[in-house]
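Enquirer: Build the 3D model from these lines:
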Amino acid sequence: MTRIMDKIRSRRKEHMKLRASQSINGPDGDGAPATPPSFYYSLEFFPPKTEPGLENLLTRIDRMCRRLDPLFISITWGANGSTLSRTLAIASHAQRFACVDVLLHLSCTGLSREKLAHVLSMAKSAGVQNILALRGDPPKGKRSWAEGDVSGGECDRAIDLVKLIRKLHGNYFSVGVAGHPEGHPSSSKGEEGRAAEMRHLKEKMDAGADFIITQFFYDVHVFLDYVKRCRRAGIEAPIIPGIMPIQSFSSLMKMTQFCGISVPNSVSERLYPIQHDDEAVKEIGCDICSIMCRTILKANNDDPNIDTLVDGFHFYTLNLERSTTRILIDLDAADFITSRSASPSVILEHTDSESKLQSGDSISHNDMNGNRKERAGSISELARSNRRLLPWKPSTMENRSKEAVRPINWSNRPHSYVMRTDDWDEFPNGRWGDATSPAFGDLSDISHFYSFTLGSEDDRRAMLGHCPLHESDVFEVFARYVEGTVPHIPWCETPLQPESFLIQPQLAKLNRFGLLTVNSQPPVDGASSSHPAFGWGGKGGKVYQKAYFECFVSPDKRNRLSRMVNKQPSINMYAINNAGQDLRVGVEEGGVTALTWGVFPNREILQPTIFDPDIFLIWAEEAFSLWATMWLNLYDYGSESYELIKRIRDTYYLVALIDNDFSSGGKDGSEFVLLDLLLELGKGAT
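Expert: Numbering: from 1, shown residues only. Sure thing, here's the model as predicted:
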């Protein structure tokens, strides 16, 4: 975990360097960028009340953090600690598997100092290093706080909680507090009330708070005036505006009335005529929030003091995904990856109705110059952060802070890899080195296998087949996963990676030919590190990768692949079946191969993704086990479907193919020799 304030300071340091460079050399390009280098955003989630709801939320957090790469996420806290176990469970999961820093909400309502101290210790043990200190919900039986109300616990107000945190844990935690641009409901109205509230906020900051997250608002001028009043009061801490995407007209009216938030005429006039059309309200609502964010960022351009900038946003997601993603794409904070080779009718769909766009729909939004953009596809899956540090998402856990290399085999099952390596004393932080070293722990222990859920047995049958009778039925499941109509398969926790969108139709063909792909990447020769699909590591670098395919194939196709590889000196092949019989073609005796690497100014070459033949054998154990634990057990013992899946598990080979001639891919992966060879082989086998 990292303290949020440390991350904000790091972003601002980067911004200061850019400003200094521009003052000497002049601005680069057409002027100030849409979002400054210090720009960040965060996402808020609340614990659902049911187990299925919790399971779905964890999946959504994984997806949003992987695609959007927020600076942190926050997890809310129920009244009197009623959601303590769920809140901590979500926080722990997010840190371990979504690899994102967590801001834990903590309110003092109804809790003794001893209980609060216990919760803080639990948070610290879980690796949480950021707390949002709140007074909490109003006293029981009241709709809102009244002037003079206290919490009912031993910490009467948020300032008491801030002091307690600092007393017990010093500077271990980064502490945030709430801000209210339109005034707290318990504050008296008028200038006197506003002045008293500002004094209280200043006292919280002086007591040890690091930053402020505001209540949501829709009047930007009210927020900007609030920032000015904070600065005049001597508050120079980061102020993060809270942004609430508009989901429906009725919910907007209820939430703003309940929280005492004003709705400007400019907002209500756009929404009132379409108030009964929820989809139209969401689209216009996204545009309204995007304009708000751009207006706030624009107000920063002339501010000479980097320390008082408003350079981040906190999105109250309401556990929803699409609207926040649309806003971030509008702000150019995330890229939108589309398939160049797919026809416009190829649209990713998902079983999650909230993130589904129908075939042929397009996504419209304004760019920073006000021009309309049209993009087709499912926005939840085609969006991708343009600030990726590595091709895979680094962990936020302290014991993995130096981890910089991973084997490619678990690219689509990162949860499993994290669980299997949780007990490692050290992590590779340069070249992979000796995978058998005791420092790297035991990757081969089958007890570490991570089995994510595909839902109930009925849900799994709907995805994997109610009664598959032929191999072609299984091939179709893999092809539909590639096309996006099946959200998961046992070997892939997540939907298709954005870089694979570029070859999506070809991958679907391969699977229908019987090459059941579970992992792939195209070759790249010196793409910009800012490339929307392949980029990582920051600006100014070049990234490279070798073509890689991993698939299950029948013995006959394994033999065909072997003959193909023998004719291609640049390609290596590794194959193994469930019985442990392995085959290597075109492979010299040796060890680890770098599959992804990058060259950056003033840094040594990074190679974050590798292939290790010994690790491949360990991964194969897990890969074959998944046929039984997540597919075979859906069907009655001895049934035709049972025997089909069992036969595939026991006879097929898991094959890894590496094309060492990465220069064939060009800078955008447009030439994919290995893919073309596999397509030719597949056609010949049908």
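Enquirer: For the helix or strand hosting residue 257, which outside residues touch it?
Expert: In this assignment (DSSP states H and E), residue 257 forms part of helix 249-259. Helix 249-259 has contacts (Cβ atoms under 8 Å, 6 or more residues apart in numbering) with 185, 215-216, 218, 244, 246, 261-263, 271-272, 274-276, 278, 281, 285. To be clear about C-beta, it is placed using only N, CA and C from the backbone, and glycine gets the same treatment.
Enquirer: taking the residues you listed one by one, which sit in helices?
Expert: Counted as lying in helices by DSSP state H, out of the contacts of helix 249-259, are 271, 278, 281, 285.
Enquirer: Among those residues, name the buried ones.
Expert: The neighbour-count test (16 or more other Cβ atoms under 10 Å) applied to the ones in helices among the contacts of helix 249-259 identifies 271, 278, 281, 285 as buried.
Enquirer: The third one is in contact with residue 274, isn't it?
Expert: Put plainly, it is residue 281. Yes. Using Cβ atoms under 8 Å, residue 281 is in contact with residue 274, at 5.8 Å.
Enquirer: before we move on, back to that, please flag which of the contacts of helix 249-259 sit within strands.
Expert: 215-216 (DSSP state E).
Enquirer: Make a ChimeraX selection of whichever of the contacts of helix 249-259 turn out to be buried.
Expert: Buried residues among these (16+ other Cβ under 10 Å), as a ChimeraX selection:
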select :185,215,216,218,244,246,261,263,271,278,281,285
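Enquirer: one step back: farthest-apart pair in the buried ones among the ones in helices among the contacts of helix 249-259, please.
Expert: 271 and 278 (11.0 Å; Cβ to Cβ).
Enquirer: Which helix or which strand is home to the residue located most distally from the centre of the chain?
Expert: Here the chain reaches farthest from its C-alpha mean at residue 192, the gap being 43.7 Å by Cα atoms, centre = their mean. Secondary structure assigned from DSSP H and E places residue 192 in helix 190-206.
Enquirer: now for that helix, which elements pack on it?
Expert: On a contact count with 3 or more Cβ pairs under 8 Å, 6 or more residues apart in numbering; DSSP states H and E, helix 190-206 meets helix 158-169, strand 174-179, helix 220-232.
Enquirer: Need those in TSV (columns: mean neighbour count, mean pLDDT and distance to residue 62).
Expert: Shown next, in TSV, are those (neighbours: other Cβ atoms under 10 Å; pLDDT from 0 to 100; distance: least, Cβ to Cβ, whole Å):
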stretch	mean neighbour count	mean pLDDT	distance to residue 62
helix 158-169	20	94	29
strand 174-179	24	96	24
helix 220-232	17	93	31
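Enquirer: Select, out of the ones you listed, the one closest to residue 526.
Expert: strand 174-179 (38.9 Å).
Enquirer: Please work out which residues outside the closest one touch it.
Expert: Strand 174-179 is contacted from outside by 3-6, 103, 129-134, 158, 162, 165-166, 201, 204-205, 208-215, 226, 230, 239-240, using Cβ under 8 Å, 6+ apart.
Enquirer: Quick check on these: which are buried?
Expert: The buried subset of the contacts of strand 174-179 - by 16+ other Cβ under 10 Å - is 3-5, 103, 129-134, 158, 162, 165-166, 201, 204-205, 208-215, 226, 230, 239-240.
Enquirer: on that earlier part again, could you list the buried residues of the helix holding residue 257?
Expert: For helix 249-259, using 16+ other Cβ under 10 Å, the buried residues are 249, 252, 255-256.
Enquirer: and it, how far out from the chain's middle?
Expert: Distance, stretch centre to chain centre, for helix 249-259: 29 Å (Cα atoms, centre = their mean, to the nearest Å).
Enquirer: Quick one: low-confidence residue ranges for the stretch 551-686 of the chain.
Expert: 589-590, 664-671, 684-686 (pLDDT under 70).
Enquirer: about what we covered before: and the helices and strands packed on helix 190-206 as JSON lines, adding distance to residue 634?
Expert: Converted to JSON lines, these look like this (distance: least, Cβ to Cβ, whole Å):
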{"stretch": "helix 158-169", "distance to residue 634": "49"}
{"stretch": "strand 174-179", "distance to residue 634": "46"}
{"stretch": "helix 220-232", "distance to residue 634": "53"}
